[in-house]
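# A structural model of the following input is requested.
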Amino acid sequence: MKNKLRIGLMMDSLIIPSWVHHMFNSIQNSEFANIELIVLNDSIQPKKNKISKFANYNYFLFKFLTLFENFYFKSKSDPLKLENSTNLFKNIPTLTVKPIQSKFSDKFSENDISKIKNYDIDVLFRLGFRILRGDILKSSKYGVWSFHHGDDDTNRGGPAGFWEVLLNQPTTGTILQILSEDLDGGKVIYKSFSSTNKFSINRNRENFYWKSSSFLIRSLKELFDTGSEIFFKKVESINSLPNFYDSKMYSAPTNKQFFKLF
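I've put the predicted structure just below:
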């Protein structure tokens, strides 16, 4: 009888979105994988000063649209509703780490990486932290997996599900990937598209978040059923063609960008 896959989760908090809670609950109830370790982020987020608060006025229109969406297009089954996962992860070892931070990325100390390796994790799944750099990317047998909610060929960055609506793109992509040092340029494991909701960012997000909640468990089951050799031959095949990204790195629009869009 095969041993179940050993899964580690990298998180900022035990308070997680509803779609993620559903995904992790599915793993815990599966016959092919167990969550064996929680790696919890203990870094302190920098406090906003007066200058950064002033700079946020440049995003007033984006924030206003968010408030408008939450009022008029409230999700019927909100995937981003926060849930406490304490009971779900009861009796699972938790390793609290304070990463070495640069401006945008997180790096782990040798001591923390050594502790993670002691748990013999097959797949680390990143839900929290920032851009990961260094040996943490090689600290589990099959790498660190993560979602990018967007088509990596045309849309890298964020906010998730926003630009597809504003730019009237017909589809919204989601990928599950193995992270590398190249931002949003890791090896794709699973890629899917859904029709973009042309009228609401919230409804668009509701659709693709709930849809993507099944991608991780499908991929873990395939890895378990077929074995690593066949699974990663398929991954190499998916990534056999060069992926040249020549578009901009998307981010929340400033007031000026927002005005131009409308």
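
# CA only for contacts and neighbour counts going forward, please
Will do.

# low-confidence bits of this protein, can you list those?
Within the chain, the set of residues satisfying pLDDT under 70 comprises 44-55, 183-185, 243-247, 262.

# just give me the residue closest to the centre of it.
Phe147 (3.7 Å; CA atoms, centre = their mean).

# and that residue, what does it touch?
Contact analysis of Phe147 by CA atoms under 8 Å, 6 or more residues apart in numbering lists Thr174, Ile175, Leu176, Gln177.

# any of those buried? List them.
Thr174, Ile175, Leu176, Gln177 (16 or more other CA atoms under 10 Å).

# list the contacts of Asn58.
So Asn58 contacts Thr254, Asn255, Lys256 (CA under 8 Å, 6+ apart).

# just the buried members of these?
For the contacts of Asn58, buried by 16+ other CA under 10 Å: Thr254, Asn255.

# reformat the contacts of Asn58 as a markdown table; add secondary structure.
A markdown table is the format used below for the contacts of Asn58 (DSSP: H, G, I helix; E, B strand; the rest coil):
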| residue | secondary structure |
| --- | --- |
| Thr254 | coil |
| Asn255 | helix |
| Lys256 | helix |
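
# check the secondary structure at Glu206 for me.
Here Glu206 is helix, with the state taken from three-state DSSP.

# close enough to count as contact, it and Lys74?
No - at 9.8 Å, Glu206 does not count as touching Lys74 under the criterion of CA atoms under 8 Å.

# when these two are compared, which one has more neighbours?
Glu206 (21 against 14; other CA atoms under 10 Å).

# quick one: residues contacting the more buried one.
By CA under 8 Å, 6+ apart, the contact list for Glu206 reads Ser75, Ser77, Asp78, Pro79.

# also Lys4?
Each residue near Lys4 by CA under 8 Å, 6+ apart is listed here: Glu31, Phe32, Ala33, Asn34, Phe224.

# quick check: closest non-adjacent residue to the second one.
Take Phe32 and drop its neighbours on the chain: the residue closest to it by CA to CA, 6 or more residues apart in numbering is Lys4, 4.7 Å away.
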